[in-house]
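Peer 1: What follows is a predicted structure for the sequence shown.
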Amino acid sequence: MTDVPAPWPNPAHWSAEALAGIAAQTDARLPVFTAADVVPILPDHDLWDMWQIAYADGRTAFLGGRSWWFFLATPRLSDPEMRHDEARIRLTSYGADGWRDHGVTFSDGFTPGSREWSGSAVLGEDDTTLTMFFTASGRRGQPRTFEQRLFETQGRFIVEGEDARTEGWSEPVESVAADGHHYIVANQAEPENGGIKGFRDPGYFRDPMDGAEYLLFVGSAGWVKQDIDGVVGVAKREGDRWTIQPPLIESLGVNSELERPHIIVRDGRYYCFWSTQGKRFAPGLGAPTGLYAMVSDRFAGPWRPVNGTGLVAGNPVDEPTQAYCWWVTGEGDVTSFVDYWGMAGRDASDDVSLRRERFGGTAAPWFRLAFDGDRVTIA
């Protein structure tokens, strides 16, 4: 990508060579879930991908004695794999008594997609003004596609005791569009080769060094034609608009989806986290479904794999699909959702009833990270 002008060096490459060290990272594997770990938030719904309400500097908002989280959700479908076609954003909260549900975020027909996919939420210092960045997948009123567009809307977050609601959302506006050069325009009608191209999951970040604002997102490289083309994309706020920037990280030939990218700053270092599934790696690499990261001394890079490999926390060898979509708060706490757990070696790829039986569809147990320079470990 030497021909692409960039305010920072060429994207950091996440390499197959780095992944070779994962075999020795036995301390990066999470414990196997038990039934006691799978507690429904809303028994008649499945909930997955989540993000907390946070201030622009990354601090989690604690109001009414609780932290506040958005999840993607659907009523429990006969096949949980179909949930992506009906996803809606719900407000939840977490406190001393665990998780609570607070209902859907947007009214029916409000958002421009046929369903709502993941994003991030930024609370103003007035503890009321809330900006939601989210993915609109497909188009409202049209046949299902896997088109992905990034939108934002501003509303009010009202906390009353231990309950809360959102209201007064402005008409959603498209934040930024894929340029077809740095990033493929993700508008597939159907998946191809077992996956979809990406332009989704807008994650807000404000750089404490200079106050610059960015949206990170999962993208697919636009300057090559290949299946394994995952990148961490970037848009930068310039005046009153977001402008496309070159990718921050690329994994060409290594991984096709660096999902839910988000950055936290700890002790002067920048940590860019993402999640990916084992099946998204190139054949033969053998890396697990897990939470991965790179670290840098500044947003512009150079970025280097955390722990030398990029792996921070992976599913256990015995239960490789038990959790997914890890989200790291500014405080270093981590949650995810319970995916296909208690599989005991079974394969649900062609077994709908087994998928329904073993899909958790709820928040997974929390854990905390320990930061030590380029090392990030499960505390």
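Peer 2: Cool, the structure landed.

Peer 1: Show me where the stretch 201-350 of the chain has its strands.
Peer 2: 213-220, 230-238, 241-250, 259-266, 269-276, 290-296, 304-305, 311-314, 323-328, 333-338 (DSSP state E, counting those that start in this stretch).

Peer 1: Quickly run through the sheet partners of the shortest one, with directions.
Peer 2: By that I understand strand 304-305. strand 290-296 (antiparallel) (DSSP bridges).

Peer 1: same thing with the fourth one?
Peer 2: Strand 259-266 has the following sheet partners, assigned by DSSP bridges: strand 269-276 (antiparallel).

Peer 1: thinking again about what came up before, can you lay out the strands of the stretch 201-350 of the chain as JSON lines showing mean pLDDT?
Peer 2: Converted to JSON lines, the strands of the stretch 201-350 of the chain look like this (pLDDT from 0 to 100):
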{"stretch": "strand 213-220", "mean pLDDT": "98"}
{"stretch": "strand 230-238", "mean pLDDT": "98"}
{"stretch": "strand 241-250", "mean pLDDT": "97"}
{"stretch": "strand 259-266", "mean pLDDT": "98"}
{"stretch": "strand 269-276", "mean pLDDT": "98"}
{"stretch": "strand 290-296", "mean pLDDT": "98"}
{"stretch": "strand 304-305", "mean pLDDT": "98"}
{"stretch": "strand 311-314", "mean pLDDT": "98"}
{"stretch": "strand 323-328", "mean pLDDT": "98"}
{"stretch": "strand 333-338", "mean pLDDT": "98"}
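
Peer 1: could those strands go into JSON lines alongside mean neighbour count and distance to residue 157?
Peer 2: The way it works is simple: take the backbone N, C-alpha and C, and place the C-beta from them, glycine included. What follows is those, written out as JSON lines (neighbours: other CB atoms under 10 Å; distance: least, CB to CB, whole Å):
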{"stretch": "strand 213-220", "mean neighbour count": "25", "distance to residue 157": "20"}
{"stretch": "strand 230-238", "mean neighbour count": "24", "distance to residue 157": "21"}
{"stretch": "strand 241-250", "mean neighbour count": "21", "distance to residue 157": "22"}
{"stretch": "strand 259-266", "mean neighbour count": "23", "distance to residue 157": "20"}
{"stretch": "strand 269-276", "mean neighbour count": "24", "distance to residue 157": "25"}
{"stretch": "strand 290-296", "mean neighbour count": "25", "distance to residue 157": "27"}
{"stretch": "strand 304-305", "mean neighbour count": "18", "distance to residue 157": "36"}
{"stretch": "strand 311-314", "mean neighbour count": "24", "distance to residue 157": "30"}
{"stretch": "strand 323-328", "mean neighbour count": "25", "distance to residue 157": "19"}
{"stretch": "strand 333-338", "mean neighbour count": "23", "distance to residue 157": "20"}
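
Peer 1: Distance from the lengthiest helix in the chain to the middle of the chain?
Peer 2: Ranked by residue count, the top helix of the chain under DSSP state H comes out as helix 352-358. Its chain's average C-alpha position is 24 Å from that of helix 352-358, according to CA atoms, centre = their mean, to the nearest Å.

Peer 1: After it, which helix or strand is next?
Peer 2: Toward the C-terminal end, the helix or strand that comes next after helix 352-358 (DSSP states H and E) is strand 367-372.

Peer 1: how about that next one: buried residues?
Peer 2: 367, 369, 371 (16 or more other CB atoms under 10 Å).

Peer 1: Just the residues contacting the helix or strand following that strand, thanks.
Peer 2: Once the chain leaves strand 367-372, the next helix or strand it forms, by DSSP H and E, is strand 375-378. Contacts with strand 375-378, where a contact means CB atoms under 8 Å, 6 or more residues apart in numbering, come from 27-28, 30, 271, 293, 295, 306-307, 312-313, 367-370.

Peer 1: Sketch out the low-pLDDT regions of the chain for me.
Peer 2: Along the chain, segments meeting pLDDT under 70 span 1-9.

Peer 1: could you pull out the helices for it?
Peer 2: 16-19, 352-358.

Peer 1: thinking again about what came up before, save the strands of the stretch 201-350 of the chain as JSON lines, and put in distance to residue 97 too.
Peer 2: Below are the strands of the stretch 201-350 of the chain laid out as JSON lines (distance: least, CB to CB, whole Å):
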{"stretch": "strand 213-220", "distance to residue 97": "33"}
{"stretch": "strand 230-238", "distance to residue 97": "36"}
{"stretch": "strand 241-250", "distance to residue 97": "39"}
{"stretch": "strand 259-266", "distance to residue 97": "27"}
{"stretch": "strand 269-276", "distance to residue 97": "28"}
{"stretch": "strand 290-296", "distance to residue 97": "27"}
{"stretch": "strand 304-305", "distance to residue 97": "39"}
{"stretch": "strand 311-314", "distance to residue 97": "26"}
{"stretch": "strand 323-328", "distance to residue 97": "21"}
{"stretch": "strand 333-338", "distance to residue 97": "16"}
